[in-house]
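Asks: mind looking at a prediction? Sequence and model below.
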Amino acid sequence: MGTSTSTHHREPWNKGKLIGQKAPLKLKDIWAIRVRLQLGERIRELALFNLAIDSKLRACDLVKLKVRDISHGDRIASRAIIMQQKTQRPVQFEITDQTRDALNNWIKLEKLRSEDFLFASRIHDSPHISTRQYARIVHSWITEIGLDTTSYGTHTMRRTKASLIYRRTKNLRAVQLLLGHTKLESTVRYLGIEVDDALEMAEQTEI
């Protein structure tokens with residue numbers, strides 16, 4: 001009797017779906033979070049939020065950033081380049097004016113030096129916040145603006161600006177470079193681009 005259920009091949013719930021894929025934030029969501037952090041004078045979180053959006057870095061790379069990674073002397077750089085932990089390949093990102101302002105305010109408040117981690121842990125046995133701590137902070141942001149926390153996570157922060165850039169430009173190659181992907185297919189999959197859309201672009205770039 002117990003084998004009868006195995007003969008019924010039901011469609012897997014995850015067929016054709018991107019497992020664990022977290023939704024990017026919309027512009028209105030970005031501003032909803034940003035305004036809350038500004039009004040609440042949550043200087044550390046505002047610096048972390050803005051940098052996460054701009055950098056498009058994986059959580060493991062973001063939490064390990066040091067002051068020197070994003071600055072030239074006592075000036076925040078307009079662009080930074082870091083080596084990705086996962087791929088051991090460099091990736092470059094822009095730092096917008098509002099992110100530079102937020103970082104400046106945070107660095108001055110904490111009197112951070114060049115060799116200091118940007119976001120030190122408040123737990124003694126860790127020099128910087130962990131990816132788990134970062135995930136909890138992101139969870140709190142999502143909760144505050146009333147979004148479904150199961151649909152968003154740290155990868156939301158990585159995907160947000162990349163998705164906005166893609167929607168505006170349809171330039172997959174540019175987004176691939178910004179995310180530090182080695183393969184274009186990874187970028188297609190990461191952005192969750194419709195298959196037809198991807199095929200159409202592939203035809204257009206055929207040599």
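Replies: Here it is on my side, so go on.

Asks: what distance do you get for the residue most central in space within the chain to residue 186?
Replies: Note on the chain: the residue nearest the mean C-alpha position is residue 158, at 1.7 Å, using Cα atoms, centre = their mean. Distance from residue 158 to residue 186, counting by Cβ to Cβ, to the nearest Å: 13 Å. (C-beta placed from N, C-alpha, C; glycine too.)

Asks: please apply the same query to residue 138.
Replies: Separation of residue 138 from residue 186 (Cβ to Cβ) stands at 22 Å.

Asks: likewise residue 170?
Replies: Using Cβ to Cβ, residue 170 is found at 17 Å from residue 186.

Asks: residue 110 now?
Replies: According to Cβ to Cβ, residue 110 stands 36 Å off from residue 186.

Asks: more neighbours, those two?
Replies: Using other Cβ atoms under 10 Å, the more surrounded residue of residue 110 and residue 186 is residue 110, with 16 against 13.

Asks: who's in contact with that one?
Replies: Shown in contact with residue 110 (Cβ atoms under 8 Å, 6 or more residues apart in numbering): 44, 116, 120.

Asks: now the residue nearest to the centre of the chain: closest residue in space, sequence neighbours ignored.
Replies: Among residues not flanking residue 158 along the chain, residue 56 sits closest, at 5.3 Å (Cβ to Cβ, 6 or more residues apart in numbering).

Asks: okay, now that neighbour: neighbour count?
Replies: Using other Cβ under 10 Å, residue 56 has 23 other residues around it.

Asks: which residues does it contact?
Replies: Neighbours of residue 56 in contact, by Cβ under 8 Å, 6+ apart: 93, 158-162, 178-179.

Asks: residue 65 too?
Replies: Taking Cβ under 8 Å, 6+ apart as the test, what residue 65 contacts is 51, 55, 57, 82, 117-119.

Asks: try it again at 10 Å.
Replies: By Cβ atoms under 10 Å, 6 or more residues apart in numbering, residue 65 lies in contact with 48, 51, 55, 57, 80, 82, 103, 117-119, 128.

Asks: from memory residue 164 sits against residue 54, does it?
Replies: No. The pair residue 164 / residue 54 is not scored as a contact, 11.6 Å apart, by Cβ atoms under 10 Å.

Asks: between those two, who's got more neighbours?
Replies: Legend: neighbour count by other Cβ under 10 Å for residue 164 and residue 54, higher for residue 54 (22 against 17).

Asks: these two touch, right, that one and residue 158?
Replies: No. Using Cβ under 10 Å, residue 54 is not in contact with residue 158; the gap is 11.0 Å.

Asks: in PDB, list the C-alpha atoms belonging to the top helix by length along the chain.
Replies: When the chain is parsed with DSSP state H, its longest helix is helix 154-169. Extracted in PDB, the C-alpha atoms of helix 154-169 (Å, rounded to 0.1, in the frame of the first residue of the first chain):
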ATOM      1  CA  THR A 154      20.500  39.600   2.000                       C
ATOM      2  CA  HIS A 155      20.500  38.600  -1.700                       C
ATOM      3  CA  THR A 156      17.800  41.200  -2.100                       C
ATOM      4  CA  MET A 157      20.400  43.800  -1.400                       C
ATOM      5  CA  ARG A 158      22.800  42.400  -4.000                       C
ATOM      6  CA  ARG A 159      20.100  42.000  -6.600                       C
ATOM      7  CA  THR A 160      18.300  45.400  -6.200                       C
ATOM      8  CA  LYS A 161      20.500  47.800  -8.100                       C
ATOM      9  CA  ALA A 162      21.500  45.200 -10.700                       C
ATOM     10  CA  SER A 163      17.800  44.600 -11.400                       C
ATOM     11  CA  LEU A 164      17.100  48.300 -11.700                       C
ATOM     12  CA  ILE A 165      20.000  48.800 -14.100                       C
ATOM     13  CA  TYR A 166      18.900  45.900 -16.200                       C
ATOM     14  CA  ARG A 167      15.300  47.100 -16.400                       C
ATOM     15  CA  ARG A 168      16.500  50.500 -17.500                       C
ATOM     16  CA  THR A 169      19.200  49.500 -20.000                       C
END
